[in-house]
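> here is my input; please provide its structure:
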Amino acid sequence: MHMESLLDMSPALPSLPRAVALLMTELAHDEPNLRRINQLFGTDPALAARLLEQANRADFGLSGQLAGIPEALALLDVPHLRALVQTAPLGTTSRSVPGMNLQHFWRYSRNTAKLARSLAGTVRQNPVAAYTAGLLHGLGELLIHWGHPDKMPSINALLPPLDIRRSKLELRMLGYCYGEVSAALARRWQLPQEVIDALNYQDAPFINQVYEPLAGVIHLAAWRARAREADMNDKELAVTFPAEVGLVLELDIDMVLQQDPIDWHARPYDD
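Numbers count the residues shown, from 1 in each chain. Prediction:
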């Protein structure tokens with residue numbers, strides 16, 4: 001299947017039930033806590049994507065300009081947010097996206113976003129755009145699983161979806177990878193070009209004539225989050241560290257690990 005055909009499927013991306021429930025509770029208040037709403041949207045890639053898609057619609061006059069959840073929330077009123085959350089499909093069963101463990105995916109996506117925001121500040125990139133790109137960077141994986149139900153079992157048997165080497169396998173087997181699909185989705189949602197480019201080049205941010213520092217940030221953040229999902233030890237971290245990306249950003253493995261803001265012993269969605 002060509003990527004355009006995959007995109008035309010346009011399935012509704014599933015959201016974390018807990019995030020939806022907490023948002024509905026908060027939005028039912030006479031004066032919702034905007035800080036809490038911002039935090040909750042920031043836990044869920046699909047909700048964040050829908051929010052940013054709405055905020056970047058042409059009728060608001062800011063198409064392609066809003067990269068962050070706080071900016072989008074400042075634009076949309078509470079009734080609009082309620083309608084957006086109420087219609088969010090829930091990822092409640094293992095069949096929501098066959099072949100994907102959504103609990104792991106949501107945790108991994110949020111961790112990547114937090115790591116990207118931390119690293120972005122170190123290399124003078126936009127931390128808001130970095131968080132957004134980190135949160136959304138893997139959504140293409142969900143779409144690939146929907147679009148290729150016949151191929152996913154064999155691909156997943158070779159490498160699980162959150163394996164560090166996953167993008168290269170998808171390129172070989174499908175002709176495109178989750179990062180390219182995520183970027184194409186972001187383009188359809190009219191997100192800012194810096195986010196689209198970060199998603200599109202996340203796997204190889206500095207090859208040939210490409211120079212995308214924000215994509216490099218996403219690359220390093222995703223490496224760290226995937227390594228954590230694989231429970232890598234120190235030796236495995238050292239062997240797999242993408243030193244060529246770190247070199248361009250002037251970040252070695254110790255600097256990346258020192259910027260890690262996550263308490264890995266906390267519950268996955270604690271703030």
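
> how about the nearest residue to Asn111 once chain neighbours are set aside, what does it touch?
Nearest residue to Asn111 in three dimensions, chain neighbours excluded: Ala225, at 4.3 Å (Cβ to Cβ, 6 or more residues apart in numbering). Bear in mind the C-beta positions are built from the backbone N, C-alpha and C, glycine included. Contact analysis of Ala225 by Cβ atoms under 8 Å, 6 or more residues apart in numbering lists 108, 111-112, 115.

> ranking by neighbours, what's the top pick from these?
Thr112 (29 neighbours; other Cβ atoms under 10 Å).

> state the distance from that one to Lys151.
Distance, Thr112 to Lys151, using Cβ to Cβ, to the nearest Å: 25 Å.

> just the CA atoms of the helix or strand where the residue nearest to Asn111 lies, as PDB, please.
Assigned by DSSP states H and E, Ala225 belongs to helix 213-229. Extracted in PDB, the C-alpha atoms of helix 213-229 (Å, rounded to 0.1, in the frame of the first residue of the first chain):
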ATOM      1  CA  PRO A 213      18.300  20.100  14.900                       C
ATOM      2  CA  LEU A 214      14.800  19.600  16.200                       C
ATOM      3  CA  ALA A 215      14.700  16.300  14.400                       C
ATOM      4  CA  GLY A 216      18.000  15.400  16.100                       C
ATOM      5  CA  VAL A 217      16.400  16.200  19.500                       C
ATOM      6  CA  ILE A 218      13.500  13.900  18.700                       C
ATOM      7  CA  HIS A 219      16.000  11.200  17.600                       C
ATOM      8  CA  LEU A 220      17.900  11.300  20.900                       C
ATOM      9  CA  ALA A 221      14.800  11.500  23.000                       C
ATOM     10  CA  ALA A 222      13.200   8.500  21.200                       C
ATOM     11  CA  TRP A 223      16.400   6.500  21.600                       C
ATOM     12  CA  ARG A 224      16.400   7.100  25.400                       C
ATOM     13  CA  ALA A 225      12.700   6.300  25.700                       C
ATOM     14  CA  ARG A 226      12.900   3.200  23.600                       C
ATOM     15  CA  ALA A 227      16.000   2.100  25.500                       C
ATOM     16  CA  ARG A 228      14.000   2.400  28.700                       C
ATOM     17  CA  GLU A 229      11.200   0.300  27.300                       C
END
